[in-house]
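J.: just need the structure, nothing else, for what follows:
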Amino acid sequence: MRLGVPTANKQPLERGDGIHVTSAELLALRPRCHGLRLPMRQAATSALAGAYRSRFRGRGVDFVESRNYQPGDDIRNMDWRVTARTGRPHTKVFQEERERPVLVVLDASPSLYFGTRRRLKSVAAGQLAASVAWSAVRRGDRIGGFLFAPGRHRELRPAGGRRGAMRMIQSLVDWLQPSQYAGKSEPLSRALERVRHAARPGSLIIVISDFFSLDDDCNRHLSRLRLHNDVIGCQVLDRSEHDLPDGRYPISDGHTSTIIDTSLSADRKKFMAMGQRHEEEPRHLFYRHKCGWMVMHTDDDPVDLLGRELRMLVGRPA
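T.: Alright, predicted model coming up:
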């Protein structure tokens, strides 16, 4: 299976001002996403029933087995032949086939409104989310999402086709504007908890964040989320967050300020170690729970990145 971007669609990335997410640049990604393949389960036998076979059994297309009848089973699924042969009531079990919900979880914390290479991390995150949406609906999936920012959130119920993608595009444009920036932060675990309670089992969940708001409770929520879903973490970074040229830089956590002098060996080592920890901690957390993982920098092309990274995720056993 070829996973790269078709040559005919190899177009330069539509560029805005790098600060604001625009509908024009998100719409321009559509033709370039036709060659992408999101990780999928075993293909369904019937195109009319959806592109995937669910891991969950229910009333569907393909017969799987007969088992002992249990209170609450649908009487319409009774296996009368096995019941007559064994003298005990049995019911048929089917493998359900359906379209898969693909959910983009976008953590728009204040730290996302930063960038020194080409665009802000918020713009890069929006372009990545839009690329996922276009590739999902191209495959026949339903695209939905959870958009989070301090003090507010928005849930987009999964919908298929152009309607689902366009709703995601418009929501990203509305949501990722610097004018809505709030100078405070909330732990990522609050977002994951809400997603865990709302996501339908069998979904593909893609978490886009810079993971500065990662906290201890994320481990518990991610573990439970992974039980019934496929999860991929996408960390959005700017290269200056882990490697600065020599110089004196004022830095602040929003409450206190100081100066870091990267021309001094000790300061440079501390800064690089801090950046390394910031990259390693969320990656190790997602790997621990057997989730997918990728990193996008603000000067990366989102479609090229997905085409490259998804090669390692497509066809991975659930």
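J.: in the stretch 151-300 of the chain, which spans are helices?
T.: Listed in chain order, the helices of the stretch 151-300 of the chain (DSSP state H, counting those that start in this stretch) span residues 161-175, 188-198, 217-227, 265-288.
J.: could these go into CSV alongside mean neighbour count, distance to residue 307 and mean pLDDT?
T.: Heads up, the C-betas are built off the backbone N, CA and C, glycines and all. Converted to CSV, the helices of the stretch 151-300 of the chain look like this (neighbours: other C-beta atoms under 10 Å; distance: least, C-beta to C-beta, whole Å; pLDDT from 0 to 100):
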stretch, mean neighbour count, distance to residue 307, mean pLDDT
helix 161-175, 19, 18, 95
helix 188-198, 20, 26, 94
helix 217-227, 17, 25, 95
helix 265-288, 14, 20, 89
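J.: for the protein, which segments count as strands?
T.: Under the criterion DSSP state E, the chain contains strands at 52-58, 62-68, 90-98, 101-107, 142-149, 152-160, 204-209, 230-237, 248-252, 257-261, 292-297.
J.: quick one: average pLDDT of the fourth one?
T.: The one in question is strand 101-107. When pLDDT is averaged over strand 101-107, the result is 96.
J.: same thing with the second one?
T.: Taken as a whole, strand 62-68 has an average pLDDT of 72.
J.: any idea how far residue 157 is from residue 168?
T.: According to C-beta to C-beta, to the nearest Å, residue 157 stands 11 Å off from residue 168.
J.: cool, and residue 268?
T.: Distance, residue 268 to residue 168, by C-beta to C-beta: 41 Å.
J.: ok, back up a step: in TSV, list the helices of the stretch 151-300 of the chain along with distance to residue 153.
T.: Formatted as TSV, the helices of the stretch 151-300 of the chain follow (distance: least, C-beta to C-beta, whole Å):
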stretch	distance to residue 153
helix 161-175	10
helix 188-198	7
helix 217-227	15
helix 265-288	20
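J.: what is the burial count for residue 249?
T.: For residue 249, the neighbour count with other C-beta atoms under 10 Å is 14.
J.: name the nearest residue to it, ignoring sequence neighbours.
T.: residue 260 (5.2 Å; C-beta to C-beta, 6 or more residues apart in numbering).
J.: spit out the contact partners of the one you found.
T.: By C-beta atoms under 8 Å, 6 or more residues apart in numbering, the contact list for residue 260 reads 244, 248-249, 251, 267, 271.
J.: and with 6 Å instead?
T.: 249, 251, 267 (C-beta atoms under 6 Å, 6 or more residues apart in numbering).
J.: and the residue nearest to the second one when sequence neighbours are not counted, how close does it get to residue 280?
T.: If you skip the residues right next to it in sequence, residue 251 has residue 260 as its closest partner in space, 5.5 Å away by C-beta to C-beta, 6+ apart. For residue 260, the distance to residue 280 under the criterion C-beta to C-beta works out to 21 Å.
J.: how many other residues sit next to residue 27?
T.: For residue 27, the count of nearby residues is 15 (other C-beta under 10 Å).
J.: my read: residue 104 touches residue 145, true?
T.: Yes. In this structure, residue 104 is within contact of residue 145 by C-beta atoms under 6 Å, at 4.1 Å.
J.: circling back to that earlier point, comparing the strands of the chain by mean pLDDT, which bottoms out?
T.: For these, mean pLDDT drops lowest on strand 52-58, to a mean of 45.
J.: and the gap between the residue nearest to residue 251 and residue 243?
T.: Per C-beta to C-beta, residue 260 is found 13 Å from residue 243.
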